[in-house]
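Chemist: Model the structure of this input:
(one chain, ligands or ions: 1)
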Amino acid sequence: MILAQEGDAEQGVIVGRAFSLVDTPPAAAAGELWLVHASGSSVRLLNSGVIEMIGPVTIQGTVTVSGDVLVAGNVSDQHATLADLRSHYDTHMHVDSRGGVTSVPTQQD
Ligand SMILES: [Fe+2]
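Modeler: As a prediction, the model looks like this:
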């Protein structure tokens, strides 16, 4: 079902869709809003208040987070991953004042 925005049929908004027994709807709980693509990617507004995005997500522009960022995978930028940086830090040494080499840092966490 498409609603024409301000009477303009070329600027319609999809507000619903008919499903059949062959083409079944996503199993969203009552009160939740799901946008599900045929690729499997989705955006889901869950009853818990969580906004869940499944699939590759691209954000162009600055991302500001006021809370914590929890990452199950790795974090990377144009140089390396955070795991690479930690690995290099954990094993780095310096030349000491007598020309020797220090030991690796004592790990704090
Ligand atoms: Fe150092």
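
Chemist: Not counting its own residues, what contacts stretch 8-15?
Modeler: 1-5 (C-beta atoms under 8 Å, 6 or more residues apart in numbering). Placement of C-beta: from N, CA and C, glycine included.

Chemist: Could you list which of those belong to strands?
Modeler: Counting by DSSP state E, these place 2-5 in strands.

Chemist: how many other residues sit next to Gly49?
Modeler: Counted with other C-beta atoms under 10 Å, residues neighbouring Gly49 total 6.

Chemist: what does Leu82 give?
Modeler: Using other C-beta under 10 Å, Leu82 has 12 neighbouring residues.

Chemist: what's near enough to touch it?
Modeler: Here Leu82 is in contact with 74-76 (C-beta under 8 Å, 6+ apart).

Chemist: go again using 10 Å as the cut-off
Modeler: Shown in contact with Leu82 (C-beta atoms under 10 Å, 6 or more residues apart in numbering): 71, 74-76.
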